[in-house]
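Student: below: sequence and its predicted model.
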Amino acid sequence: MTSEPLPIRLGINVDHVATLRNARGGSHPDVVRAAQLAIDSGADNITAHLREDRRHIRDEDIAQLVQLSKPLNMEMAVTPEMLQIALRTKPHANCLVPERREELTTEGGLDVASQVETLKPFVAKLRDAGIRVSLFIDPDPAQIEAAASVDPDAVELHTGTYCEAGLAKDQLGFERELARLVKAAQTAADAGLEVHAGHGLTYGTIGPVAATPEIVELNIGHFLVGEAIFVGLAESVRHMRRQMDRARQAIATPGKVSVDETL
Ligand code: PXP
């Protein structure tokens, strides 16, 4: 008998609503309005990355997003400035990510293995303040082991390589990357860590990730904000929610549900 899988949460990343707003320097489109619409359309939490260069999300956005009815997952780099802001603003969660000014987006996972001693006190300060902490890492056994030694609540597995293989219609690469992701999710869960995943996910790549029972949260942004241009944000979030839930349900009833892989 298959037991019911844990429910899966959908976190909507609103960074690129802010990218669009900042393109004209005003207040439209409003990030908080978009976050509220995402919540009304099925998001369980809101994710926003306060980058050191403030290229999209700004300090005032974080101060407002933290007041919404659903939890805020604030992504940030491991810096003294970000630690101070997090401790002052108290988001529900912090996801620690690597950051390089010249990158277009977060390009790889955090190299936890090379900075265990820096991360331990950083993570402890956040957790002592009641903030849940996740580390954004590549689905790599060495990084998972290092992450467990730092004692966060969760890891977020980087799905970028898996999604790129999907996008390139590289079937072998896609299967290899999916297997790596699933194995990493199992290893992290066995180490007592909650498992999240995200980066680059689309309607076409969500299914197998949502059907991995150890993964309990997905964070998705760019694709859904892009889709919103065609169908509206409410519909893009709702459609992703349906895809995730159907894939999750299919774990309990294998073979009964097919996932729409139109994109
Ligand atoms: N998770 C993390 C840690 C990220 O840095 C990002 C991108 O900001 C995402 C998830 C969402 O990725 P995407 O915008 O490609 O869906």
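Tutor: Everything's here; your move. Numbering: from 1, shown residues only.

Student: quick one: the helices in the stretch 51-200 of the chain?
Tutor: 59-65, 80-89, 116-128, 141-150, 160-167, 171-190 (DSSP state H, counting those that start in this stretch).

Student: residues touching the shortest one, excluding its own?
Tutor: The list of residues contacting helix 59-65 from outside it, by CB atoms under 8 Å, 6 or more residues apart in numbering, reads 14, 18, 31-32, 35, 46, 48, 50, 72, 74, 85, 89, 91. C-betas here are computed from N, CA, C, even on glycine.

Student: quick check, nearest of these to the ligand?
Tutor: A48 (8.8 Å; CB to the nearest ligand atom).

Student: contact partners for the residue in the stretch 51-200 of the chain that the ligand sits nearest to?
Tutor: Scanning the stretch 51-200 of the chain for the residue nearest the ligand gives G198, at 3.1 Å (criterion: CB to the nearest ligand atom). Contacts for G198 (CB under 8 Å, 6+ apart) come out as 11, 13, 47, 156-159, 218-220.

Student: repeat that for 7 Å
Tutor: 156, 159, 218-220 (CB atoms under 7 Å, 6 or more residues apart in numbering).

Student: chain neighbours aside, what residue packs nearest to Q36?
Tutor: Leaving aside its sequence neighbours, Q36 sits nearest to L68 (CB to CB, 6 or more residues apart in numbering; 6.5 Å).

Student: what residues does the stretch 151-263 of the chain put near the ligand?
Tutor: 156, 198-201, 219-223 (CB under 6 Å from any ligand atom).

Student: now, those that are in strands?
Tutor: When these are checked against strands (DSSP state E), the matches are 156, 198, 219-220.

Student: follow-up on the earlier one: what is the neighbour count of the residue nearest to Q36?
Tutor: 16 (other CB atoms under 10 Å).
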